[in-house]
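**Student:** Based on what follows, work out the 3D shape:
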Amino acid sequence: MTWYSDDEWARIQAEREEKRRFWEEKEQEFARAADIKRGLIAEMEQLVHRAGEKGISLETRRLTERFKAAGFAGKEVNNDLGDQFYSARDRVYECRNEHFDQLKAEWSRTADERRELIRQLEGVIQMRDYSRQARDRVKEIHVHWKAVGYSGKETKELNDRYYALRGDYYALSNQHWEDWNNRARTTTTYAEELVGKMTTFAELPDPASASGEVHQLIATFRALDGPMKKADRKRINRDFWAAKDRFYARRDLQKSHPERFTRGERTTEADRRFGRRGPDNHDEARAHLDAALSDARARLADARDHHESVARSMHGQPWVFNGDADARLRDAATRVRIAERKVWDLEDRLRRMY
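**Tutor:** As a prediction, the model looks like this:
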């Protein structure tokens, strides 16, 4: 047994007290570090449920740095706290990787959808179709394009390619319709000139003398194949055929009743109903055509009466011909055939309007 002097014993006691206070402070420091680490573990556990959010990787790194800076938590719990923290961090990374794998698969799918829409747009451009249906198709493609989600790194490249193609289509479409409008104006002007000529023929004092020219004018009008706006085509067709009907009504009246025509009785049923103009709508067009059919049937009745009159004038023996009588009878029969054909044509046109 060792004996210490009073001074030595006081020194030993002081050292023991200092060591006790040191470890007491260390234990408190370890407890604070443990509390900090437990809080960081709880925060890391929360990140597992937010693994898909933006900035999670940066937040995970910051938590790791804070965990390391928290210091030693005592040999009893330090290793367990480390295992808990790094296990939670691994789960965050696993969830984040799984989330990004799903995103990459989604981006790949949307990129394929965008490439397919680009191929469809290229197909429309290659067809050089600028009709309303084609423009509607381009609009439909654009609606789908905007509905497709993010496509990863390829998004900008695909967007640039798509919008360049879309711009090309609308530039070509606008040029096409500008050219079409120019051609339509030219065609409309020429068609209006033909309508003016037919209107002039319809008002001639001697319409029979212009039959050949009118026949040629009708052939020219029918051969007209340039573009025109729907309203212009409807108006021009209405005015041209109305003028044509007036011409033939006056010409037939001149041939069937020259004495009435000479006296100035040149009004037809269509003129009495509508004056010197064409119909303004579908119902009026049918009424106009019905009036023209009434005129044609009247001319057919006149032609048949004339044919019977010529046949009776041959002394009741239409089979005994001389040169003049034969010509007169042939002319009368031709007149009947022409009138019948005219009635048939008008009846057919009227049937197709219903």
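
**Student:** Distance check, the residue positioned nearest the centre of the chain against Val143.
**Tutor:** Residue closest to the average C-alpha location in the chain (CA atoms, centre = their mean): Asp136, at 0.9 Å. Separation of Asp136 from Val143 (CB to CB, to the nearest Å): 10 Å. C-beta coordinates here come from the backbone N, C-alpha and C atoms, glycine included.

**Student:** ditto for Ala73
**Tutor:** Look at Ala73 and Val143: by CB to CB, they are 59 Å apart.

**Student:** circling back: helix or strand right after the helix or strand that contains the residue nearest to the centre of the chain?
**Tutor:** Assigning secondary structure by DSSP states H and E places Asp136 in helix 132-147. The helix or strand immediately downstream of helix 132-147 is helix 155-202, counting by DSSP H and E.

**Student:** what's the offset of that following helix from the middle of its chain?
**Tutor:** Offset of helix 155-202 from its chain centre (CA atoms, centre = their mean, to the nearest Å): 16 Å.

**Student:** Next, the angle from that helix to helix 132-147.
**Tutor:** Here helix 155-202 runs at an angle of 160 degrees relative to helix 132-147 (axes from the mean of the first three to the mean of the last three CA atoms, to 10 degrees).

**Student:** Tell me the helix or strand right after helix 155-202.
**Tutor:** helix 211-222.

**Student:** So for the helix or strand just after that next one, what gets flagged as buried?
**Tutor:** Under the assignment DSSP H and E, the closest C-terminal helix or strand after helix 211-222 is helix 230-256. Buried positions in helix 230-256, judged by neighbour count with 16 or more other CB atoms under 10 Å: 232-233, 235-256.

**Student:** re earlier: neighbour count winner among Ala73 and Val143?
**Tutor:** Each of Ala73 and Val143 has its neighbours counted (other CB atoms under 10 Å); Ala73 has more, 22 against 8.

**Student:** could you list every residue that touches Asp283?
**Tutor:** Listed by CB atoms under 8 Å, 6 or more residues apart in numbering, Asp283 has no contact partners.

**Student:** Look up how far Asp290 lies from it.
**Tutor:** 11 Å.

**Student:** Now do the shared contacts for those two.
**Tutor:** With CB under 8 Å, 6+ apart as the test, Asp283 and Asp290 reach no residue in common.

**Student:** For Glu15, see how far away Arg21 is.
**Tutor:** Taking CB to CB, one finds Arg21 at 11 Å from Glu15.

**Student:** Tell me what angle the helix or strand harbouring Leu117 forms with helix 132-147.
**Tutor:** Taking DSSP H and E as the criterion, Leu117 maps to helix 78-127. Going by the same axes, to 10 degrees, helix 78-127 is angled at 170 degrees with respect to helix 132-147.

**Student:** Quick one: list the elements packing against helix 78-127.
**Tutor:** Packed against helix 78-127 by the contact rule (3 or more CB pairs under 8 Å, 6 or more residues apart in numbering; DSSP states H and E) you find helix 6-48, helix 56-69, helix 132-147, helix 155-202.

**Student:** where among those helices is the average confidence lowest?
**Tutor:** Sorting the helices and strands packed on helix 78-127 by mean pLDDT places helix 6-48 lowest, at a mean of 79.

**Student:** Give the full set of residues in contact with Gly52.
**Tutor:** 95-96, 99.

**Student:** Does it belong to a helix, a strand or coil?
**Tutor:** Of the three states, Gly52 takes coil under DSSP: H, G, I helix; E, B strand; the rest coil.

**Student:** From Arg96, how far out is it?
**Tutor:** Gly52 sits at a distance of 7 Å from Arg96 (criterion: CB to CB).

**Student:** Quick check: neighbours shared by these two?
**Tutor:** Shared contacts of Gly52 and Arg96, defined by CB under 8 Å, 6+ apart, are absent.

**Student:** which parts of stretch 41-48 are buried?
**Tutor:** Buried residues in stretch 41-48, counted by 16+ other CB under 10 Å: 41, 43-45, 47-48.

**Student:** Just put the residues you listed in TSV and tack on distance to Phe67.
**Tutor:** Shown next, in TSV, are these (distance: CB to CB, whole Å):
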residue	distance to Phe67
Ile41	8
Glu43	10
Met44	8
Glu45	13
Leu47	13
Val48	15
